[in-house]
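**Q** got a predicted structure plus its sequence, pasted below:
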Amino acid sequence: MSAAAAPARPGRDRHAVLLPPRPGATRVGGRPRSTAVVGGGIAGLAAATALAERGVHVTLYEREAYLGGRVGGWSTELHDGSLATMSRGFHAFFRQYYNLRSLLSRTGPGRLTGLPDYPLRHRDGLHDSFRGVPRTPPLSALGFVALSPSFRGRDLVRMNPAAALPLLDVRVPDVYTELDAVSAHDFLESLRFPAAARHLAFEVFSRSFFADPHELSAAEMVLMFHIYFLGSSEGLLFDVPDDPFPTALWDPLAEHLCRHGADLRTSTSVENVSPTADGAFTVATDREERRYDSVVLALDTAGLRSLVGRSPRLADAAWHDRIARLRTAPPFLVSRLWLDRPADTGRPGFLGTAGYGSLDNVSVLDRWEREAARWSARTGGSVVELHGYALRENADPDTEARHLVAQLHDVYPETRDARILDARHEWRQDCPLFPVGGHTDRPGVRTPRPGLVLAGDLVRTDLPVALMERAATTGFLAANALLESWAVRGHPLWTVPNGSRSRLLRAVARRRGVGGRRVWR
């Protein structure tokens, strides 16, 4: 792709990296091509969109009645007879999510609105905020330390700078070679950060994977720190949809897909995928079987394990074994409360918490979501959402829900006297776990079977992406792999820089190796 034809940069970071597609035709020509996309979450929607826009006949299968996967939503009737949209909870759309935002931009300028701050609060009374922190590295790190009350002079003296050097020059896949065998907990311990700063500045990233830091690969946590902090000048403030997920995001995208001829089959489970003798695939549901030239599997961990287990002829035994070894993160709980009175006017729309037991964050939805704001205006109440991550496997959901409410009362004391008019509790365990030492065993986008590709946040890719952005990116990568096989041009992708963006940081980071060996312990 020539410089003149290169797409405009997707954000403010002039160091963002363009990954141009391979040359090819603008659309599928000659014999029509068909693809079954199994899974209607972000990854499946990205793959379906990328293929349908190039003239591929796409059929998307989704088990649930709604699109969006773990960012989906569904209707629920409240006790007063009004309808509300329930979901699996708050998601932050960071400005580094270039490929996810590209997907959403298909339907117009978007329905995302920025929250003015990303505040963090520790039970000990310490507060941190990213509102006034510079966005461009290394000023972002220096500004955060200078502004944060959780960093004190004597704490900084105690820190282990050698252990922190891997943070300065994160490169994928090298970061996995260096740190995948270490837990996030042990890496954080080695830094000797002050305890409150460690909870606020690092474990927020770790628990974004719904995992306990003892189980999570340090490489994943350090990559997160790079993506959101030291590797990008987009900053740590983020956007949220101004309406529930279906209204703001997925209904418009579904219309876009239908305009490109895609067949969206919600409430449809795929039972089996089988290769045919001529290199195609048969996809079987509980109602029918249909033939496709190619298949994209864009499922969560348990769904992928289950479908591959029911499809023994998909690929070789080694690949099947890798899929079978994928693990799911511990359960988490989302509690949404409709209260009879508002939270104090000074409360932020979103607050990250540490030291409050199982409570990881609090959202006041009526601060930004129109549906919640309408309910609040009508009743005088407030819609509050609580998240608890990495809970015990054998924990009782009802007990954990009561704990979250009690912890809310500690964080926002004015809610102690509030009456809960309605509540919904979502206990889930379907996020991928990125365990210590698990990276090399994780499947990639391409599989041993031509025409079969994977997509999702569980999929390995040698790009600096994570969470929702990894789902969207692998969806586009899966589509691009299929398009390339048909000599059709794929879609351009963008990422944050891979490696340090500062000459000073690069110079310091180069000194972390002695005789080719890392100094991290």
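**A** That came in fine, so what should we check first? Since the structure is predicted, the reported quantities are computational estimates derived from the model, not experimental observations.
**Q** so where's the stretch 151-300 of the chain uncertain?
**A** 151-157, 196-206 (pLDDT under 70).
**Q** got it, and the chain?
**A** 1-6, 146-157, 196-206, 501-521.
**Q** nearest residue to the middle of it?
**A** For the chain, Leu467 is the residue whose C-alpha lies nearest the centre (CA atoms, centre = their mean; 2.2 Å).
**Q** and it, what does it touch?
**A** 208-209, 457 (CB atoms under 8 Å, 6 or more residues apart in numbering). Quick note: C-beta positions are derived from backbone N, CA and C, even for glycine.
**Q** next one: phi and psi at it?
**A** Phi and psi for Leu467, reported as degrees, to the nearest 10, are phi 50, psi -130.
**Q** which residues of the stretch 401-521 of the chain fall in helices?
**A** Here the stretch 401-521 of the chain has its helices, by DSSP state H, counting those that start in this stretch, at 467-485, 503-510.
**Q** make TSV out of those helices and add distance to Arg54.
**A** Listed next are the helices of the stretch 401-521 of the chain as TSV, based on distance: least, CB to CB, whole Å:
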stretch	distance to Arg54
helix 467-485	6
helix 503-510	39
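**Q** which one of those lies nearest to Ser233?
**A** helix 503-510 (13.2 Å; CB to CB).
**Q** can you list the contacts of Leu467 in CSV and add neighbour count and distance to Asp186?
**A** As requested, these are exported to CSV (neighbours: other CB atoms under 10 Å; distance: CB to CB, whole Å):
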residue, neighbour count, distance to Asp186
Ser208, 20, 19
Phe209, 25, 16
Asp457, 25, 24
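**Q** I'd like these laid out as a markdown table, including distance to Ala84.
**A** Converted to a markdown table, these look like this (distance: CB to CB, whole Å):
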| residue | distance to Ala84 |
| --- | --- |
| Ser208 | 26 |
| Phe209 | 29 |
| Asp457 | 27 |
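**Q** which of these fall within strands?
**A** Counting by DSSP state E, the contacts of Leu467 place none of their members in strands.
**Q** out of those residues, which is nearest to Pro348?
**A** Ser208 (17.9 Å).
**Q** from Phe238, how far off is Gly456?
**A** 22 Å (CB to CB, to the nearest Å).
**Q** give me the more crowded residue out of the two.
**A** Gly456 (28 against 20; other CB atoms under 10 Å).
**Q** my guess is the more buried one meets Val296, correct?
**A** No: in this structure Gly456 lies outside contact range of Val296 using CB atoms under 8 Å: 9.8 Å.
**Q** what sits in contact with each of these two?
**A** 39, 475.
**Q** show me what contacts Val488?
**A** 24-28, 54-55.
**Q** any chance of those in JSON lines with neighbour count as columns?
**A** As requested, these are exported to JSON lines (neighbours: other CB atoms under 10 Å):
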{"residue": "Gly24", "neighbour count": "16"}
{"residue": "Ala25", "neighbour count": "14"}
{"residue": "Thr26", "neighbour count": "10"}
{"residue": "Arg27", "neighbour count": "12"}
{"residue": "Val28", "neighbour count": "19"}
{"residue": "Arg54", "neighbour count": "24"}
{"residue": "Gly55", "neighbour count": "19"}
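**Q** of the residues you listed, just say which sits nearest to Ser306.
**A** Using CB to CB as the measure, the one of the contacts of Val488 that approaches Ser306 most closely is Arg54, at 30.1 Å.
**Q** pop out the phi and psi values for the closest one.
**A** phi -100, psi 10.
**Q** which ones are touching it?
**A** Per CB under 8 Å, 6+ apart, neighbours of Arg54: 26-28, 479, 483, 488-490.
**Q** mind checking how far the residue nearest to the centre of the chain is from Ala317?
**A** In terms of CB to CB, Leu467 sits 31 Å off from Ala317.
**Q** equivalent analysis for Gly388, please.
**A** Noted for Gly388: a distance of 39 Å to Ala317, by CB to CB.
**Q** neighbour count: these two, which is higher?
**A** Gly388 (24 against 8).
**Q** which residues does that one bridge with?
**A** Leu333 (DSSP bridges).
**Q** wait, it touches Asn361, no?
**A** No: Gly388 lies out of contact with Asn361 (CB under 8 Å); the separation is 9.1 Å.
**Q** Asp239 in helix, strand or coil?
**A** strand (DSSP: H, G, I helix; E, B strand; the rest coil).
**Q** over to the one 10 residues further on?
**A** Three-state secondary structure (criterion: three-state DSSP) places Leu249 in helix.
**Q** thought it was touching Ser105?
**A** No: the pair Leu249 / Ser105 is not scored as a contact, 11.3 Å apart, by CB under 8 Å.
**Q** which of those two has more neighbours?
**A** Neighbour comparison, Leu249 and Ser105: the larger count goes to Leu249, with 28 against 11 (by other CB under 10 Å).
**Q** show me what contacts that one?
**A** Contacts of Leu249 by CB under 8 Å, 6+ apart are 68, 71, 104, 111, 241.
**Q** just Tyr412 next, same as before
**A** Contact analysis of Tyr412 by CB under 8 Å, 6+ apart lists 343-344, 347, 362, 384.
**Q** are any of the residues you listed buried, and which?
**A** 343, 347, 362, 384 (16 or more other CB atoms under 10 Å).
**Q** any chance of those residues in a markdown table, plus secondary structure?
**A** Formatted as a markdown table, the buried ones among the contacts of Tyr412 follow (three-state DSSP):
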| residue | secondary structure |
| --- | --- |
| Ala343 | coil |
| Arg347 | coil |
| Val362 | strand |
| Val384 | strand |
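**Q** between the residues you listed, which is nearest His91?
**A** Val362 (14.9 Å).
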